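Peer 1: No letters, just coordinates:
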C-alpha cells in the first residue's frame, strides 16, 4: 500500500502521482545503493507485502504501457494530472503464485538489463562523438599538440597531417592557421519545416520531428536522411540527428543544404549555439533562421571536417542500430507480460524468446 512517510526502504516502488503525459505514472524500484533517501509530494511510495507480491513483478506490471493508460483513468487533477492514495489502493493487480511472480520478474529483468546496457552504450558513443568534435574544432587539441612538437593523441599520422601546426589571430581569437572565419550559412542552410495537422497523420515508417523531438510517425517523408533538425517555435535549443527519411514539422528548422558541414558536424555545430538568445517571439519562444545564418563562424578545412564525419557517422550508426534493438526488446517485454499472466505462455517458452531476442 502507499506509504504516507517520505523515507525510502530497499525495494520500495515509487510512482509519480502528478505531472504531464511523459512523467505522470512513471514507476521505479528503489535500489539499496541510493539509501538513505526520501521523496517529495509528487511521488508516492508503494511498500509491498513481500509475502504476497514480488517487487520486480509489480514494477513490470505498473510500467506496462497498457497499465500506464489504466492508471491515467484515475486522474484527479485538472490541467495537471494527479492521482491520490485512495486511487492507488484501488488498483487491480493480478497476483499469480509468488514463485511465478519471481520467475516472471527475473525473466523480464533480463530484457530490461539488456535494454539498459544498450542505452548506456549509446550514451557513451554519443559522448565520444561530442568529445572528438570539441577536441578538434573547439579546443584545437591536435593543432596545439603539433605546435608544441607532440603527436596528437588518439590520432593516426594521416589524420594528424590534416591539421596545421600553429594557431593564428582572427576575428574569433586564436584559430588554426589556414582555417577561415565566415558565417554559419557557409556551413549550412536552415529551412522551416512543413505543416502536418494531427488529423492528417497516417502512422507509417517515417518519424515526425517536432521542436521537442520525435512526435509519432507518418506514411510519407518530406526530408531525406541523414538530416539535422532544431526547434523554431515553442522549444528552442534542442538539436536532433535523423538517420532515416523524416517529416520535420513547421515548429522546426531543418538543414536543407549541407555546405561546409556534413550532417554529424552540423549536428554538433548547432548544439554550440545559444538559441534562446535569438528568441524573436514573445510568450512563445520563436527562432528566426536569418538571425543565425549571419553569425560569424570558423570554417575548418574540408579535409578535417570529413575526417571527423567518418568517425562520427560510424558512431551514430551504431547508436541507431542499438536504438532499434532496444525498441525490439521493449516490444517483446511488453508482449510477454500479459501472456504470462494469462497463462497463454509458459515460463520456459518465455525464457527461450528472451534469449533469442
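Peer 2: In hand now; what should we look at? Keep in mind the model is a prediction, meaning the values are calculated, not measured. Numbering: from 1, shown residues only.
Peer 1: burial count for residue 145?
Peer 2: Close neighbours of residue 145, defined as other CB atoms under 10 Å, add up to 17. Placement of C-beta: from N, CA and C, glycine included.
Peer 1: Surely it forms part of a helix?
Peer 2: Yes - Residue 145: assigned to a helix according to DSSP: H, G, I helix; E, B strand; the rest coil.
Peer 1: And it, how far from residue 66?
Peer 2: 56 Å (CB to CB, to the nearest Å).
Peer 1: just residue 341 next, same as before
Peer 2: From residue 341 to residue 66 the distance is 11 Å (CB to CB).
Peer 1: The two: who's more crowded?
Peer 2: Taking neighbours as other CB under 10 Å, residue 341 and residue 66 compare with residue 341 leading, 20 against 10.
Peer 1: Give me the phi and psi angles of that one.
Peer 2: phi -60, psi -40 (degrees, to the nearest 10).
Peer 1: where's the nearest residue to residue 187 once chain neighbours are set aside, which helix or strand?
Peer 2: Spatial nearest neighbour of residue 187, excluding adjacent residues (CB to CB, 6 or more residues apart in numbering): residue 261 at 3.7 Å. Secondary structure assigned from DSSP states H and E places residue 261 in neither a helix nor a strand.
Peer 1: again, but for residue 214
Peer 2: Using DSSP H and E, residue 214 falls within strand 213-218.
Peer 1: partner strands of that strand, parallel or antiparallel?
Peer 2: Its sheet considered, strand 213-218 pairs with strand 206-210 (antiparallel) by DSSP bridges.
Peer 1: Tell me the buried residues in the host helix or strand of residue 114?
Peer 2: Counting by DSSP H and E, the element that carries residue 114 is helix 98-137. For helix 98-137, the neighbour count (16 or more other CB atoms under 10 Å) marks 100-101, 103-105, 107-112, 114-115, 118, 122, 125-126, 129, 132-133, 135-137 as buried.
Peer 1: same deal with stretch 176-189?
Peer 2: 176, 179, 184, 185, 186, 187, 188, 189.
Peer 1: next one: stretch 256-276
Peer 2: Those would be 258, 260-271, 273, 275, for stretch 256-276 by 16+ other CB under 10 Å.
Peer 1: Return the distance of it from the chain's centre.
Peer 2: When distances are taken as CA atoms, centre = their mean, to the nearest Å, stretch 256-276 is centred 18 Å away from the chain's centroid.
Peer 1: What is the burial count for residue 302?
Peer 2: 13.
Peer 1: shouldn't it be in contact with residue 260?
Peer 2: Yes - assessed by CB atoms under 8 Å, residue 302 is found in contact with residue 260 at 6.6 Å.
Peer 1: Which stretches in the stretch 201-350 of the chain count as strands?
Peer 2: Taking DSSP state E, counting those that start in this stretch, the strands of the stretch 201-350 of the chain run over residues 206-210, 213-218, 227-231, 239-242, 247-248, 252-258, 296-299.
Peer 1: List the contacts of stretch 119-139.
Peer 2: By CB atoms under 8 Å, 6 or more residues apart in numbering, the surrounding residues in contact with stretch 119-139 are 141-142, 163, 264-265, 268, 271-272, 298, 300, 304, 308, 311-312, 315-316, 318-319, 322-323, 326.
Peer 1: So among the residues you listed, which ones count as buried?
Peer 2: 141-142, 163, 264-265, 268, 271, 298, 300, 304, 308, 311-312, 315-316, 319, 322, 326.
Peer 1: give me the element the residue located most distally from the centre of the chain is part of.
Peer 2: Relative to the mean C-alpha coordinate of the chain, counting by CA atoms, centre = their mean, the farthest residue is residue 149 (40.3 Å). For residue 149, there is no enclosing helix or strand under DSSP H and E.
Peer 1: For the remainder of this discussion, apply numbering that starts at 22.
Peer 2: Done: numbering now begins at 22, and the last item shifts to residue 170.
Peer 1: if you average pLDDT over stretch 96-108, what comes out?
Peer 2: The average of the pLDDT scores along stretch 96-108 is 74.
Peer 1: what's the answer for stretch 311-331, then?
Peer 2: Stretch 311-331 comes out at a mean pLDDT of 95.
Peer 1: Nearest to residue 116, out of the strands of the stretch 222-371 of the chain?
Peer 2: Closest to residue 116 of the strands of the stretch 222-371 of the chain is strand 234-239 (CB to CB; 35.2 Å).
Peer 1: Lovely, talk soon.
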